[in-house]
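Trainee: After the sequence you'll find the predicted model.
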Amino acid sequence: MNRAKKVISTLLLIMIMLAQLPAASGDTTSFSFTDFMQGPEMYTILQDTHKILGYTSAALGIAACVFNPALVDKDIHESLGTAAAVTSGINIGVGFLNYSDRIFTPSDAKAEKSDVLHAALSIAGSILMIAATGVEGEDDDDGGGGGTALHAALGIAGAGLMASSIIFEW
């Protein structure tokens with residue numbers, strides 16, 4: 001299965017899971033999507049989703065680093081890395097939806113330093129993990145392995161930043 005099929009199947013699975021969210025509001029007879037999106041139920045759902053996706057993307061990124069092609073089949077490493085990149089990207093969007101008011105505060109208020117640091121580290125980590133999947137197949141034909149070294153550096157740095165961003169929120 002090529003990478004595009006893996007990404008599409010992962011996104012479809014996540015969309016199917018997210019389609020179940022309206023049922024979490026309880027009363028589906030008088031369901032208003034706007035009220036639900038602005039209500040406390042959605043804040044709690046997004047909060048839990050952000051937490052689970054964050055832990056998952058950091059764990060998948062670390063697993064992709066540990067289970068590298070020198071130890072396991074390349075397909076396992078690629079699947080872990082792709083899943084880490086996809087979940088980290090989705091998690092940045094979920095975090096922005098739920099917590100943007102804590103980062104982009106009114107001019108007379110200051111954002112918490114831990115919130116800003118958490119957002120900056122996780123966004124940088126996500127970008128690096130996504131970039132690592134982009135340079136994955138660019139091994140040098142002459143055997144130099146420059147693409148492999150860059151891929152490893154980006155992936156390790158991205159997974160490390162994602163994991164460290166979680167630590168700053170504890």
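Mentor: Cool, got the structure.
Trainee: which strands and helices sit next to the helix or strand that I45 is a member of?
Mentor: According to DSSP states H and E, I45 maps onto helix 40-66. In terms of contacts (3 or more Cβ pairs under 8 Å, 6 or more residues apart in numbering; DSSP states H and E), helix 40-66 is packed against helix 74-103, helix 113-134, helix 146-169. C-beta coordinates here come from the backbone N, C-alpha and C atoms, glycine included.
Trainee: Point out the other helices and strands that the longest one packs with.
Mentor: If you count contacts as 3+ Cβ pairs under 8 Å, 6+ apart, helix 74-103 packs onto helix 3-18, helix 40-66, helix 113-134, helix 146-169.
Trainee: Could you dump those into a markdown table and include distance to S100, mean pLDDT and mean neighbour count?
Mentor: A markdown table is the format used below for those (distance: least, Cβ to Cβ, whole Å; pLDDT from 0 to 100; neighbours: other Cβ atoms under 10 Å):
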| stretch | distance to S100 | mean pLDDT | mean neighbour count |
| --- | --- | --- | --- |
| helix 3-18 | 19 | 68 | 12 |
| helix 40-66 | 11 | 86 | 18 |
| helix 113-134 | 9 | 86 | 19 |
| helix 146-169 | 16 | 84 | 18 |
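Trainee: now the ones you listed as CSV including distance to I103?
Mentor: CSV is the format used below for those (distance: least, Cβ to Cβ, whole Å):
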stretch, distance to I103
helix 3-18, 23
helix 40-66, 13
helix 113-134, 5
helix 146-169, 13
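Trainee: Select, out of those helices, the one closest to G95.
Mentor: Of all the helices and strands packed on helix 74-103, helix 40-66 sits nearest to G95, with 5.1 Å by Cβ to Cβ.
Trainee: quick one, that closest one and helix 146-169 angle?
Mentor: Orientation of helix 40-66 against helix 146-169 (axes from the mean of the first three to the mean of the last three Cα atoms, to 10 degrees) gives an angle of 140 degrees.
Trainee: where's helix 40-66 relative to the chain centroid, distance-wise?
Mentor: Distance of helix 40-66 from the chain centroid (Cα atoms, centre = their mean, to the nearest Å) equals 7 Å.
Trainee: again, but for stretch 123-132
Mentor: That offset, for stretch 123-132, works out to 9 Å (Cα atoms, centre = their mean).
Trainee: quick one: the nearest residue to S164 once chain neighbours are set aside from G54, how far?
Mentor: In space, and not counting its chain neighbours, S164 is closest to L121: 5.7 Å by Cβ to Cβ, 6 or more residues apart in numbering. For L121, the distance to G54 equals 11 Å [Cβ to Cβ, to the nearest Å].
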